[in-house]
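Visitor: structure of the sequence below:
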Amino acid sequence: MYVCQLSFNCAVDIEISEAQTVISALLDEYRYNGQIIGREFPVILVDDHFDVIFVCPEQDSVAVKYNTDNVTGAFEAIAKCGLALPQFKVLGLESQSDFADLCKVPSALVLYSTFVQSCSPVRCMDHFLPIPLYKLPESIRYDLIKWQESQAACDQLQMNELAEIEPFVVEQLSQPDSELMQNGLDICQQISDELKVPVYRYLYRVGGESLALEQQRLCPGCSEPWALAESLHQLFDFKCDSCLLLSNISWDWQ
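Guide: Numbers count the residues shown, from 1 in each chain. This next block holds a predicted model:
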């Protein structure tokens with residue numbers, strides 16, 4: 001991913017609060033379209049212009065060709081309030097993030113995220129790199145962001161080991177029929193219908209009685225064997241091509 005900057009010059013005198021409002025509205029639309037990554041974007045007043053620094057999946061993520069009608073509408077509001085169209089600059093690579101996937105025709109996709117990740121939760125199964133949301137069906141981009149927020153909240157809570165709610169959030173992350181995973185299934189099916197590729201769901205796994213029993217686990221969807229001979233992407237130990245599910249040997253036994 002890339003660290004980028006937008007600079008907004010004031011074409012006319014404008015109230016700071018009004019400028020911040022329209023710029024923040026544009027950033028929200030960029031975020032829900034997957035063109036910028038993260039949740040908080042400080043709007044900085046520097047002399048006679050405003051600067052915003054953020055992370056993009058690719059160098060051209062905020063190119064006009066990726067804009068939705070909502071992004072275009074946000075630009076119109078910026079011009080109407082007296083700000084000039086922004087100047088864009090790539091500041092450099094974001095060295096702690098994954099690069100966006102460059103695969104033209106992936107063999108399959110997987111819905112996968114953790115509480116520490118802010119990149120797209122849809123990854124190419126061939127390279128296990130994130131696919132920018134603006135390259136996925138527009139109808140599911142907002143839903144994907146909201147699903148990722150819910151998934152991250154559950155993942156953070158189970159990592160924090162809050163005894164009273166940990167069983168519930170682990171169930172949300174690990175059971176294919178949980179509300180979180182059913183919402184993910186709806187999204188996966190929409191992506192699959194439009195892109196014509198299978199989309200797997202990742203089921204988190206923790207607990208279990210022993211490594212031997214873990215290795216003998218059956219698919220929770222169809223109760224068929226699903227253990228892989230070799231780990232996939234050094235993460236997935238189980239894969240069911242019928243139920244489109246992936247999982248790992250319990251982290252307690254690795």
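Visitor: please enumerate the strands of the stretch 151-254 of the chain.
Guide: Along the stretch 151-254 of the chain, the segments classed as strands by DSSP state E, counting those that start in this stretch run 199-203, 227-232, 236-240, 245-247.
Visitor: so who does the closest residue to S97 other than its chain neighbours touch?
Guide: The shortest distance from S97 to any non-neighbouring residue, by CB to CB, 6 or more residues apart in numbering, is to M1 (4.1 Å). Placement of C-beta: from N, CA and C, glycine included. Neighbouring residues of M1 by CB atoms under 8 Å, 6 or more residues apart in numbering: 37, 55-58, 93-94, 97-100, 119.
Visitor: from those residues, which shows the smallest pLDDT?
Guide: Ranked by pLDDT, the contacts of M1 bottom out at S97, which scores 76.
Visitor: so what's the residue count around that residue?
Guide: Counted with other CB atoms under 10 Å, the neighbours of S97 add up to 17.
Visitor: isn't it right up against V116?
Guide: No. Contact criterion CB atoms under 8 Å: S97 and V116 do not qualify, at 10.8 Å.
Visitor: domain assignment for this protein?
Guide: Using automatic domain parsing, the domains assigned to the chain come out as 2-93, 109-253.
Visitor: show me how far the first one is from its chain's centre.
Guide: Same thing as domain 2-93. The gap between where domain 2-93 is centred and where its chain is centred comes out at 20 Å by CA atoms, centre = their mean, to the nearest Å.
Visitor: endpoints of that domain, how far apart?
Guide: Length of domain 2-93, first residue to last, CA to CA, to the nearest Å: 4 Å.
Visitor: pull up the distance across stretch 245-254, start to finish.
Guide: Counting by CA to CA, you get 20 Å between the two ends of stretch 245-254.
Visitor: identify the residue nearest the geometric centre of this protein.
Guide: Geometric centre of the chain, nearest residue: S120, 2.7 Å, by CA atoms, centre = their mean.
Visitor: against S97, how distant is the closest residue to that residue other than its chain neighbours?
Guide: Nearest non-adjacent residue to S120, counting by CB to CB, 6+ apart: P130, 4.0 Å away. Using CB to CB, to the nearest Å, one gets 9 Å for the distance from P130 to S97.
Visitor: what do the two both touch?
Guide: C119.
Visitor: how would you label the residue nearest to the centre of the chain: helix, strand or coil?
Guide: Following DSSP: H, G, I helix; E, B strand; the rest coil, S120 is assigned to coil.
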